[in-house]
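Undergrad: what would the 3D arrangement of this be:
(chains A and B)
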Amino acid sequence: MIKILLVDDEERLLHNLAFFFEDEGYDVFVAASGEEALEILRKEDISACVVDMRLPGIDGNEVIRTAVDEGILQKFIIHTGSTDYRLPADLLKKGMGGKHIFLKPISEMNILAEAVEALIKGTL
Amino acid sequence: MPTKLPPRPLYIRILSRLSIRDKILVVTMITSFFAMLVTSATFITYQYYAFQDWLLQNLTSQAEIIAYNSKGALAFDDPREGRDALRSLEAVSSMTGAFLFTADGVLFSSWQRLGSPDFSQTAPDWQGAREVNNEVFMARRIMEKELFLGTILLRSNQQERAAFLRNSMAALVVLVLLSGAITLLLSTWLQKIISGPVAHLATVMEMVSQRQDYSVRGTRHSDDEIGDLTDFFNNMLAQVESRDRQLRENEDLLQSIINNTNSVIYLKDMSGRFLMVNRSFREMVVTNYEDIIGRTDAELFPAELAEKFVEIDQQVVERGELVESEEEAPHSDGLHTYISAKFPLRDSQGDIYSICGISTDITERKQDEEELRQLRNYLNNVIDSMPSALIGLDADGRVTRWNREAEQLNGLTFAETRGALLRDVLPQFSSQMEQVQAAIRDRQVKETSKFSYNLDGENCFKDVTIYPLVANGIEGAVLRVDDVTERVQIEEMMVQTEKMMSVGGLAAGMAHEINNPLGIMVQAVQNIERRVSPGLAANEHVADDLGVPLAAIHAYLDKRMVLAMVEDIREAGNRAAKIVANMLQFSRRSESALQYAEVAELIDQTVELAGNDYDLKKKYDFRHLNLVRNYDHNVPKVKLVITEFEQVVLNLLKNAAQAFADKEMGDEIPTITLGVRQDGKFVRVEVADNGPGIPEEVRKRVFEPFFTTKPVGSGTGLGLSVSYMIITNNHKGSMEVESTPGVGSVFTIRLPIAPAS
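TA: From the prediction side, this is the model:
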């Protein structure tokens, strides 16, 4: 089973995403903070990660930056509630772009699921 | 000119050469001479005749005596006796003869004085006296009781009479000479009475005329005409003296006026030589009187100035009337300006003999005037350059001042509005007249802010301030009118923008917090739907474990409307998400790339879109609308976010279409007019409809977020505010609405034309 990591400090949101991706047939890992997420990323062989931006402790950007820098994971989907979110320049250099960003709320999670699938396949 | 007198007789000419004294003497002498002559002649004549009478009588009585004495001789015819009787006459010296004739006329006897001339001795046939050849004869009849005896004839030689005459003449001469002498003496003495006062008068007159002293008076010496004359003369002198004094006083007065005035006064003759100048003139040319008199302008002033003076003098002579001019004259501190009044002086014949000039130094006044003029210009400039319209009004509301900005109010100049009533030249301000009156009455500044009126279909806003003018005693007011239309509009926009920004700020802050629960909601709904749906392996598996067929669970949920309710939740969640998303647009900086696009093209695309809009079709069929396109296809392309611009246009089209439902259109065809044209540095887009229009109080608020006139639930009240935000914030353009209730509304969007770089 393909392992994915969902990161969000909002527990109920995290559950609902997790339920959906489980139903989609993924092995879903969840983390409520950036630190926790990095821990899981280092331990598990995660294929893709959907990360929230505003997190207690280190934020989503930092998680992506650290993971990419450490060579743990390259594939991230940014799932944020901040409409004014802008990608930091270094993340842009690391291959992140508009297509990786999804604004909350996503009423049709299929879209997100399709994006994750494409990301893993390298077709996004 | 002396009057020509007729030639006078010589005696008068001689007389007139004599002195009065001599004249009186001559006249008196002549008069007394003739008087004496006439008197004496008369007297002598009278005496002569009386003497003659006496002689005659004497002769008669001698004749009678002789006759009587001869009677006897005759009666008795005695000639001797008769001769004796006759001889008695010898004693009478004048008797030269006596003759007695008888009744028959024969000489009876005779007597003749020796040496007497011969005499024919014939009896006279007459009686009485008869004068023949200086001899007097006396004849008388001698009667004796009716008896005629004879005739006596006496002869007399008038010797006595001649002697008498001789004596009388001698007496007359003596008398005349004597009286002449006396007259001479008397008149010599008496003429002083007459000639004395006259001579005195003459002396006085001489004194007066020589000394010009009118205070001298003659003394009255008599009560006669000369006395009167003296009085008259004295009176005359008194009058002359008083007139002389008056004249002198007048002259002194005139002189002191002429010399004390600061005006320059001068008199020139016809050849331009100065006849008289006053003190000021002397001071001006700094030389003494004598050096000025008789000189000309050319000798006293620089040539070019003198030429001008002479030129004006000539004008005076040519026109023969007062000529006023400005002249310049040199002073120690430079040229001074004078205002000169020059006029001709005429003699009694009406001929000009002199030019009089009165020149007043107006240098200072001129400078003051210049300063005043500059100040007035300066003030006028200041007033004209004021950005406010300034209108001066008198108490009746008539225009007394009208600056350039005021001309913008109605296109009329000051010249055209001066004196006109405010209500005539600016009818829209007539309601302000009450305030004007109040300002004047209360002496207080009255202000009306955002005074609005309709001008050519556009709402104007003016701040009107009325300043009472009471300081200079003239009642009136100044109306200051500031156009605040733009400010009011900006204010409206600011208020709008601020409201939206605050909503935007709020939304941005809240978005994250709201989006999470919304996400949970809609995603949970999606999970619920998925997990009760057949087809998912996990669902079937769990249902089987529980012994309830998944189809039964689904059927149940469907039957009990749970699925519908879940759908409702999703719907509600999505709507809320949409609201939040809209709200977020207020604060969102457009991240979408701006690109050049043709505005008209985009509008047409949006119209296409609107035609397919299901929501719109439901409410109003777009096909029934009359769409008018007024596009200027030459407008430049504009840099914009296509989707956002289309959103705005669509929103406007929707609103317009919906608005028609609120109006009974009657014969009117619902029309949306789309306009595109260049407006300065902007492209102007207009979306106009002939719908019901928007009431003013609504119009002011249409761009407010959450302000809606639609029923609850049918609109979010964000459409126009989002559009507004898109245009003003994201595109740096402007958006406004004008509307006339019952006629329609016009939404105007201005998008900046980016510099062609």
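Undergrad: the residue nearest to A:Phe19 when sequence neighbours are not counted - how many residues pack around it?
TA: Closest residue to A:Phe19 apart from its sequence neighbours, by Cβ to Cβ, 6 or more residues apart in numbering or on different chains: B:Asn527 at 4.8 Å. Bear in mind the C-beta positions are built from the backbone N, C-alpha and C, glycine included. For B:Asn527, the count of nearby residues is 19 (other Cβ atoms under 10 Å in any protein chain shown).
Undergrad: now name the helix or strand holding B:Asn527.
TA: Using DSSP states H and E, B:Asn527 falls within helix B:485-532.
Undergrad: and chain B, which residues reach chain A?
TA: When proximity is defined by Cβ under 8 Å from any Cβ of the partner chain, chain B lies next to chain A at B:508, B:511-513, B:515-516, B:518-524, B:526-527, B:530-531, B:536, B:538, B:570, B:573-574, B:577, B:581, B:584, B:587-589, B:591.
Undergrad: what residue lies at the spatial centre of chain A?
TA: In chain A, the residue lying closest to the centroid (Cα atoms, centre = their mean) is A:Val50, at 1.6 Å.
Undergrad: buried ones in stretch B:675-685?
TA: B:675-677, B:682-685 (16 or more other Cβ atoms under 10 Å in any protein chain shown).
Undergrad: closest one of the residues you listed to B:Val216?
TA: Using Cβ to Cβ, B:Phe682 comes nearest to B:Val216 of the buried residues of stretch B:675-685, at 108.8 Å.
Undergrad: which residues does the closest one form beta bridges with?
TA: Per DSSP bridges, the residues bridged to B:Phe682 are B:Asp679, B:Pro752.
Undergrad: so, low pLDDT: which residues of the stretch 601-750 of chain B?
TA: Low-confidence segments of the stretch 601-750 of chain B (pLDDT under 70): B:612-623, B:710-717.
Undergrad: all strands of it, in order?
TA: B:626-631, B:638-640, B:671-679, B:682-689, B:734-740, B:744-752 (DSSP state E, counting those that start in this stretch).
Undergrad: which among these is found nearest to B:Ala477?
TA: strand B:734-740 (33.2 Å).
Undergrad: which parts of chain A sit against chain B?
TA: So chain A meets chain B at A:10, A:12-13, A:16-17, A:19-20, A:22-23, A:54, A:81-84, A:86, A:103-109 (Cβ under 8 Å from any Cβ).
Undergrad: now do the strands in chain A.
TA: For chain A, strands defined by DSSP state E occupy the ranges A:3-7, A:27-31, A:48-51, A:76-80, A:101-103.
Undergrad: send the alpha carbons of the first one over as CSV?
TA: If I follow you right, that is strand A:3-7. Provided in CSV are the C-alpha atoms of strand A:3-7 (Å, rounded to 0.1, in the frame of the first residue of the first chain):
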residue,chain,number,x,y,z
LYS,A,3,1.9,5.4,2.3
ILE,A,4,0.8,9.1,2.5
LEU,A,5,1.1,11.6,5.3
LEU,A,6,-1.5,14.2,6.1
VAL,A,7,-0.5,17.1,8.4
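Undergrad: any idea how far the nearest residue to B:Asp604 once chain neighbours are set aside lies from B:Thr606?
TA: Across the structure, with Cβ to Cβ, 6+ apart as the measure, the residue nearest B:Asp604 apart from its sequence neighbours is B:Arg629 (7.8 Å). Distance of B:Arg629 to B:Thr606, computed by Cβ to Cβ, to the nearest Å: 12 Å.
Undergrad: what residues are up against the residue nearest to the centre of chain A?
TA: Going by Cβ atoms under 8 Å, 6 or more residues apart in numbering or on different chains, A:Val50 touches A:4-7, A:17, A:76-77, A:79, A:112, A:116.
Undergrad: need the strands of the stretch 601-750 of chain B in a markdown table (columns: distance to B:Tyr556).
TA: Listed next are the strands of the stretch 601-750 of chain B as a markdown table, based on distance: least, Cβ to Cβ, whole Å:
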| stretch | distance to B:Tyr556 |
| --- | --- |
| strand B:626-631 | 52 |
| strand B:638-640 | 53 |
| strand B:671-679 | 51 |
| strand B:682-689 | 52 |
| strand B:734-740 | 53 |
| strand B:744-752 | 52 |
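Undergrad: about what we covered before: what subset of the contacts of A:Val50 is buried?
TA: Using 16+ other Cβ under 10 Å, the buried members of those are A:4-7, A:17, A:76-77, A:79, A:112, A:116.
Undergrad: quick revisit: after the helix holding B:Asn527 comes which helix or strand?
TA: In N-to-C order, the element after helix B:485-532 by DSSP H and E is helix B:537-546.
Undergrad: so whichever helix or strand comes after that next one versus helix B:537-546, what angle?
TA: Sequence-wise, the next helix or strand downstream of helix B:537-546 (DSSP H and E) is helix B:550-559. Counting by axes from the mean of the first three to the mean of the last three Cα atoms, to 10 degrees, helix B:550-559 lies at 100 degrees to helix B:537-546.
Undergrad: which parts of helix B:550-559 are buried?
TA: Counting neighbours by 16+ other Cβ under 10 Å, helix B:550-559 gives B:550, B:553-554, B:557 as buried.
Undergrad: and stretch B:332-344, by the same measure?
TA: In stretch B:332-344, counting by 16+ other Cβ under 10 Å, buried: B:336-340, B:342-344.
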